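Colleague: I need the structure of the sequence given here:
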Amino acid sequence: MTRAELIHQIKEKRSFLCVGLDTDLTKIPEHLLDDEDPIYSFNKAIIDATADLCVAYKPNIAFYECYGLKGWQSLQKTWAALPKDCFSIADAKRGDIGNTSGRYAMAFFDESNSGLGFDSITIAPYMGKDSVTPFLDFKDKWAIVLALTSNEGSRDFQNFENKEGLQLFEQVIDKVNTWGNIDNLMYVVGATRGEGFIKIREHAPEHFLLVPGVGAQGGSLEDVCKYGMNGDCGLLVNSTRGIIYASKGRDFAERAREEALKLQKEMEIELLKAGIIS
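Modeller: Next up is the predicted model:
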């Protein structure tokens, strides 16, 4: 999916919602556990219930890899079930030397080899340029690079300052910007970072940002938009637990839709306030 196509979907659906598919067999409704593929059954119901309300889906790859071959097959089926008008994110956080990154890129981008053709993949940039650029060699695919996260250990490294006063996450963005452009690079920024988005936008004013942490993790959508939205929206705000685990009953898909609709309506208000839609 190109940047123009993504922006079109945001305006068309009046939403910049990304639904996370971190599907945990211990949390899905019990009646699905008797299905041949409970993970896929759950995901398909969530997708069908929310597809008109969101512009992206983000399976967390660890929740599939942990089940070995069966998990990988569930992931392939889930990817195939994603609507073609929705941006697909493989939340894999890969990052390795060049030839290995090239194989990771094939695994998630090259459908003819792996049965997967995601639009994008999350990447840890610690190993530098040759761990990121192999993903950028694929046409109309995106590298979503970790920048400023909101997990417990994020401040262990990300806020270290150099002698010029630049924090490490700022240095990462400045360097990664030289490897790609706004058409193939995004950055991960945690929703609970609030005013941290001001710094992010100083270094990446036009890039899209993938923003986890709204909803169950306590991030404020209003603050994310206030400090992080740009003229094209420039945000993909992810919600996982607050949507997909809204219910453990047989009404889980309906409840997921209700929660997704609440966020979509809030997003519509923010898009209207910003003049991105009318």
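
Colleague: Okay, now the unreliable bits of the stretch 51-200 of the chain?
Modeller: Applying pLDDT under 70 to the stretch 51-200 of the chain flags residues 193.

Colleague: so Leu25 sits in a helix?
Modeller: No - with DSSP: H, G, I helix; E, B strand; the rest coil as the criterion, Leu25 is coil rather than part of a helix.

Colleague: isn't it right next to Pro38, touching?
Modeller: Yes - here Leu25 lies in contact with Pro38, judged by CB atoms under 8 Å, at a distance of 6.3 Å. For the C-beta atoms, the positions are set from N, CA and C on the backbone; glycine is no exception.

Colleague: so His203 makes contact with Asp174?
Modeller: Yes - shown here, His203 and Asp174 form a contact pair, counting by CB under 8 Å, at 5.7 Å.

Colleague: Compare those two (neighbour count), which wins?
Modeller: The residue with more neighbours, out of His203 and Asp174, is His203; 18 against 13, by other CB atoms under 10 Å.

Colleague: any idea what sits nearest that one, other than its immediate chain neighbours?
Modeller: Ile173 (4.3 Å; CB to CB, 6 or more residues apart in numbering).

Colleague: what sits against the one you found?
Modeller: Ala147, Tyr187, Ile200, His203, Ala204 (CB atoms under 8 Å, 6 or more residues apart in numbering).

Colleague: Keep only those of those residues that are in strands.
Modeller: Ala147, Tyr187 (DSSP state E).

Colleague: Let me know the closest of the contacts of Ile173 to Asp232.
Modeller: Ala204 (12.7 Å; CB to CB).

Colleague: what's around that closest one, how many residues?
Modeller: The burial count assigned to Ala204 is 24, neighbours taken as other CB under 10 Å.

Colleague: Hmm, it is touching Asn177, no?
Modeller: Yes - judged on CB under 8 Å, Ala204 makes contact with Asn177 at a distance of 6.8 Å.

Colleague: what about Pro83, distance to Cys18?
Modeller: Using CB to CB, to the nearest Å, Pro83 is found at 13 Å from Cys18.

Colleague: which of the two has more neighbours?
Modeller: For Pro83 versus Cys18, neighbours defined as other CB under 10 Å are more numerous around Cys18 (26 against 16).

Colleague: so what's Lys175 up against?
Modeller: Lys129.

Colleague: Repeat the analysis, applying 10 Å as the threshold.
Modeller: Pro125, Gly128, Lys129, Val132 (CB atoms under 10 Å, 6 or more residues apart in numbering).

Colleague: Helix, strand or coil: sort out it for me.
Modeller: Going by three-state DSSP: Lys175 is helix.

Colleague: Tell me the spacing between Arg241 and Leu6.
Modeller: Distance, Arg241 to Leu6, by CB to CB: 24 Å.

Colleague: Compare neighbour counts for these two and give me the winner.
Modeller: Taking other CB under 10 Å, Arg241 and Leu6 do not tie; Leu6 has more neighbours (24 against 15).

Colleague: Can you tell me the closest non-neighbouring residue to that one?
Modeller: Of all residues beyond its chain neighbours, the one nearest Leu6 is Phe87 (5.6 Å), with distances taken as CB to CB, 6+ apart.
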